[in-house]
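Visitor: only geometry, no sequence info:
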């Protein structure tokens, strides 16, 4: 199933022949998957021995279930920047972004101590079972799993870099490397700001939005678009329009994520409900609830948020407060406003109609999604 | 103080004018430090705000105290490969290797839960204090420190890559990238093999040597030499001699490390004695002790090794067994044999006298050191 079909969106541009300049996103998906498959097969052949097999199994499973949002944005950026057809360079770069994201997810799950990812055990859980199954003492299995996942994330990161450098010629590489560097730094900084604010209950909505800007708006949306556009040789006008579209959309994407983490259906999100609440993540949703809650309600939030051992009924209590304070509805409004701003930016900018159509479609999917 | 002076070695090649083709290692050190300083200043200026300052402070302190072994090997490789003077490319690559190693150390300390590194708190300990000092709850400070250190390691890794790509022209880059890719993979694989064997007491000396080969001989010695030599355009003969020198020397280096971890002086090593024993690290030293211990002694090893709560007297008991079984002396013999093999390889190969002299000096330092 393609990305668009999975999301229940009419596969407008995927099954008919593409008009010139329109990105064929389902073909992109197949090419990116083939590039990743081929790269990992080569890496596994060169690995020191059968002991490293669990690293490959775990990474492949993670890569198999992604939304490929960054790959699609990269290819849409490539078309927005004037790229025709989908070149092997655009495919290599898109595949590199997917591997980079696998790195980000594996380390994120270690940091958040999340047990599941995309409906499967997270990398550190999977790798910890390998250790005990292979005769390692159970007492060390959690620590082993975390360490092995740190290493697996490191591998995905260096491999993402290798894919990038192996698949792009020097002049194109020189155009995209500054954006790649920014993307990496912004992700790490965003994660660090996120960590610093975790478990310090606050009604500071602006601070929560700033974290979302780094770890999601820039990392997930703006930079993949920039990288694709710069690969095609886009000038400053197009890059600026990409930002004007990407930054509000990326915030909306993170706001949707925050809502799904609390109100989503675990069968669709692949994550248990309420992890953010247990962890005390400083989301915009939580900041709004704190800002709007009065006396007793605020005390309940202070008492429950950030406790790893919360029972389901506690989660439901916090959730009810997020509804009652109007925080949930306010976040929905913020998402709508940001999606509109993103789409409006496309109409005012110099991006040609076919690429803009693909971006509008991505905007819809990123903000209306259920997983 | 230069690297050579710190090690108490006669500063033969550092204070006199260098003959043509001889690497001036103290000048290398200054240039590498300047390159790192300038790079980090630029990065800090572009960082999102003052909250990220602890990442820079922690990284700078770690970089300030290194032995710069990889940088020296890289520059020695550059000279062995026919490079004259020290080019800005060789400096950039050597600095990139130092940053890469900072990444490796930060993640290694997280994985090993080591509290100190080079006489200072390890990165995760330092970052955890920043969190509590900044108002974060003490109950989360350990987890915060570990997560922040994972991120700091990630930053050092991507910055190492950025330094590399910013400082080397495309044709030279094409020559070194395959070796850089191998180095990264070998480090991560070595660490993973190390993890898998940790806390599974075994007398398998060959298995322990295999881990040392990946995580130290290839990563620490062979690849920095290869990268420097390839940067200068070395052909296969020189690269092969580099390997013939590096692999035995790298094993010897790791064997010395294992001895220092148990018998070294903490005031000189900057690490507490016995961490490897508490953690159950499958070192060659331990494997030999297990192999040679009889009945009661073996039971003592099984009871004590791998217990994080070992008291000093327990460490001394394990240490005494490592002496009594002859394991310590056998490791010293293995170091001597490997150093000789490394030096002999230099005599038989095509590396010119000045570069070979620098390599012999490094071989001496790497195996006779006390820290």
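Guide: Done, it's in. Because the structure is predicted, anything quoted here is derived from the model rather than measured.
Visitor: just give the nearest non-adjacent residue to the spatially most central residue of chain A, would you?
Guide: Nearest to the mean C-alpha position of chain A, by C-alpha atoms, centre = their mean, lies residue A:220 at 5.7 Å. Sequence neighbours aside, residue A:250 is the residue nearest to residue A:220 in space, at 5.8 Å (criterion: C-beta to C-beta, 6 or more residues apart in numbering or on different chains). Glycine gets a C-beta too; all of them are placed from N, C-alpha and C.
Visitor: do the same with residue A:101
Guide: That would be residue A:70: by C-beta to C-beta, 6+ apart, it lies 5.6 Å from residue A:101.
Visitor: so how far is residue A:123 from the residue nearest to the centre of chain A?
Guide: 19 Å (C-beta to C-beta, to the nearest Å).
Visitor: same question, residue A:365
Guide: Distance from residue A:365 to residue A:123, counting by C-beta to C-beta: 26 Å.
Visitor: more neighbours: which of the two?
Guide: With neighbours defined as other C-beta atoms under 10 Å in any protein chain shown, residue A:365 and residue A:123 compare such that residue A:123 has more, 31 against 19.
Visitor: so where's the stretch 251-371 of chain A uncertain?
Guide: Within the stretch 251-371 of chain A, no stretch has pLDDT under 70.
Visitor: tell me which stretches of it form helices.
Guide: Using DSSP state H, counting those that start in this stretch, the helices of the stretch 251-371 of chain A run over A:266-269, A:275-279, A:284-292, A:295-304, A:312-324, A:327-348, A:353-368.
Visitor: who wins for proximity to chain B among those?
Guide: helix A:275-279 (9.4 Å; C-beta to the nearest C-beta).
Visitor: surely the residue nearest to residue A:220 meets residue A:217?
Guide: Yes - taking C-beta atoms under 8 Å as the definition, residue A:250 is a contact partner of residue A:217 at 2.8 Å.
Visitor: could you report the distance from residue A:305 to chain B?
Guide: As judged by C-beta to the nearest C-beta, to the nearest Å, residue A:305 and chain B stand 12 Å apart.
Visitor: list the contacts of that residue.
Guide: By C-beta atoms under 8 Å, 6 or more residues apart in numbering or on different chains, the residues touching residue A:305 are A:201, A:277, A:280, A:286, A:318.
Visitor: distance to chain B and neighbour count for those - can I get that in TSV?
Guide: Shown next, in TSV, are those (distance: C-beta to the nearest C-beta, whole Å; neighbours: other C-beta atoms under 10 Å in any protein chain shown):
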residue	distance to chain B	neighbour count
A:201	10	17
A:277	15	25
A:280	8	20
A:286	16	27
A:318	18	21
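Visitor: which among the residues you listed gets closest to residue B:326?
Guide: Of all the contacts of residue A:305, residue B:326 sits closest to residue A:280, with 54.5 Å by C-beta to C-beta.
Visitor: contacts only, for that closest one.
Guide: Applying C-beta under 8 Å, 6+ apart to residue A:280 gives the contacts A:198, A:199, A:200, A:201, A:305, A:306.
Visitor: what of residue A:156?
Guide: Per C-beta under 8 Å, 6+ apart, neighbours of residue A:156: A:59, A:99, A:100, A:102, A:103, A:106.
Visitor: now do residue A:140
Guide: For residue A:140, the contacting residues are A:131, B:198, B:199, by C-beta under 8 Å, 6+ apart.
Visitor: phi first, then psi, for the nearest residue to the second one once chain neighbours are set aside.
Guide: Spelled out, it's residue B:198. Spatial nearest neighbour of residue B:198, excluding adjacent residues (C-beta to C-beta, 6+ apart): residue B:280 at 5.4 Å. Main-chain dihedrals, residue B:280, degrees, to the nearest 10: phi 70, psi 30.
Visitor: repeat that for residue A:169.
Guide: Per-residue torsions, residue A:169: phi -80, psi 160 (degrees, to the nearest 10).
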